[in-house]
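Q: Model the structure of this input:
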Amino acid sequence: MNTAAIIEAILFVAEEPVPIEELAEVLEEPVSSVREDLDALSDRLEGSGLVLRQVGGGWRLYTHPDTHPYLERFTTTTSAKSLSRAALEVLAIVAYQQPVSRGQVGEIRGVDSGSALRTLERRGLIEEKGRLPVPGNPAMYGTTTLFLEKLGINALDELPPLADHVPPSEVMESLEDTFRDE
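A: Okay, the predicted model is just below:
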């Protein structure tokens, strides 16, 4: 694979502008060679929906300005706005249990929730709030101010009480007995 394609992939997943020196280090290429690859990538993107820009001390891919009216229309569609049922479940767990790790969310849901966590993080509804001091140092997640804004609340204590949605204690005890090891 050519280095311009690798640079494109790196910039596609990068959340911040990537300095040319960092690209050169990752590619194990001289800065001058990476600069040529960036020029080649910029040329290749001509006429596409993306543009390559040098901003904030690094390089980044952006949508072409001519696409903005269509992107604005797209963001109002159902598919662009809705979260999957899994993502909503994970968001509820994070909101009420934060800070919470991916493993803890998975234990509560009974399935791996990494994809839903990434979606929520990408949409700015959750963020890493720290790391657990255990082997592997798993990330701990919590909600963001954007989450509060979308819900129309000022603080987490304005969330509806979970007790309103939890089954009675005898039902919970019955469920717990079912899952206890003999």
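Q: could you list every residue that touches residue 94?
A: With contact taken as Cβ atoms under 8 Å, 6 or more residues apart in numbering, residue 94 is in contact with 100, 105, 117, 120, 126, 141, 142, 143. Backbone N, C-alpha and C define where each C-beta goes, glycine included.
Q: Based on its surroundings, how many neighbours for the first one?
A: So the one you mean is residue 100. Counted with other Cβ atoms under 10 Å, residues neighbouring residue 100 total 24.
Q: Settle this for me: it is touching residue 93, isn't it.
A: Yes - between residue 100 and residue 93 there is a contact under Cβ atoms under 8 Å: 6.4 Å.
Q: quick one on the thing from earlier: between which two of the contacts of residue 94 is the distance greatest?
A: By the measure Cβ to Cβ, 105 and 143 form the most distant pair in those, at 12.9 Å.
Q: Point out where the protein drops to low pLDDT.
A: 78-81, 165-167, 171-172, 175-182 (pLDDT under 70).
Q: Can you pull the domain assignment for it?
A: The chain resolves into domains spanning 3-67, 83-179 when parsed by automatic domain parsing.
Q: between those, which one is nearest to residue 73?
A: Nearest to residue 73, of all the domains of the chain, is domain 3-67, at 10.4 Å by Cβ to Cβ.
Q: Check the offset of that closest one from the chain's centre.
A: 21 Å (Cα atoms, centre = their mean, to the nearest Å).
Q: and what of stretch 138-148?
A: Worked out by Cα atoms, centre = their mean, stretch 138-148 lies 10 Å from the chain centre.
Q: what comes into contact with that stretch?
A: Stretch 138-148 is contacted by residues 91, 94-95, 98-103, 105, 117, 121, 124-132, 154-156 when judged by Cβ under 8 Å, 6+ apart.
Q: Could you rerun that using 10 Å?
A: Stretch 138-148 is contacted from outside by 90-91, 93-105, 117, 120-121, 123-132, 150-151, 153-156, 158-159, using Cβ atoms under 10 Å, 6 or more residues apart in numbering.
Q: circling back to that earlier point, can I get the domains of the chain in TSV with distance to residue 76?
A: Shown next, in TSV, are the domains of the chain (distance: least, Cβ to Cβ, whole Å):
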stretch	distance to residue 76
domain 3-67	15
domain 83-179	15
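Q: The chain: strands as residue ranges?
A: Taking DSSP state E as the criterion, the chain carries its strands at 50-55, 58-63, 100-101, 126-131, 139-143.
Q: ok, and which of those has the densest surroundings?
A: strand 100-101 (a mean of 22; mean count of other Cβ atoms under 10 Å).
Q: residues making contact with that strand?
A: Applying Cβ under 10 Å, 6+ apart, the contact partners of strand 100-101 are 90, 93-94, 107-108, 117, 126, 129-132, 134, 136-142.
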